[in-house]
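Trainee: Turn this into a model:
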Amino acid sequence: MLKVLKKLNSDLLFLVSVVLYLFARQWPFGGTLQTVADVLIVVALVLIVVNRFFK
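Mentor: Numbering: from 1, shown residues only. Now for the predicted structure:
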């Protein structure tokens, strides 16, 4: 039970940080670092979804 709660907490914290990042991002004039961060966030989101459905 505690393990599931920790996993849910970490996923929720990640999603909240993604939302905050998207609010702080400079649209549409992001530099290279913002583009790299966007790609990393999308990859992490895909991995979270795959992990939830195939575990």
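
Trainee: Helix or strand next in line after the helix or strand bottoming out on mean pLDDT in the chain, which one?
Mentor: Least confident helix or strand, the chain: helix 2-24 with a mean of 75, by mean pLDDT, DSSP states H and E. Heading C-terminal from helix 2-24, the first helix or strand you meet, by DSSP states H and E, is helix 32-53.

Trainee: Show me what that following helix is packed up against.
Mentor: Counting by 3 or more Cβ pairs under 8 Å, 6 or more residues apart in numbering; DSSP states H and E, the packing neighbours recorded for helix 32-53 are helix 2-24. Where you see a C-beta, it was placed from the backbone N, CA and C, and this is true even at glycine.

Trainee: swap the cut-off to 6 Å and go again
Mentor: Counting contacts by 3 or more Cβ pairs under 6 Å, 6 or more residues apart in numbering; DSSP states H and E, helix 32-53 is packed against no other helix or strand.

Trainee: By neighbour count, which bits of it are buried? Give me those.
Mentor: For helix 32-53, burial by neighbour count (16 or more other Cβ atoms under 10 Å) applies to no residue.

Trainee: contacting residues around that helix?
Mentor: Outside helix 32-53, the residues that touch it by Cβ atoms under 6 Å, 6 or more residues apart in numbering are 11, 18.
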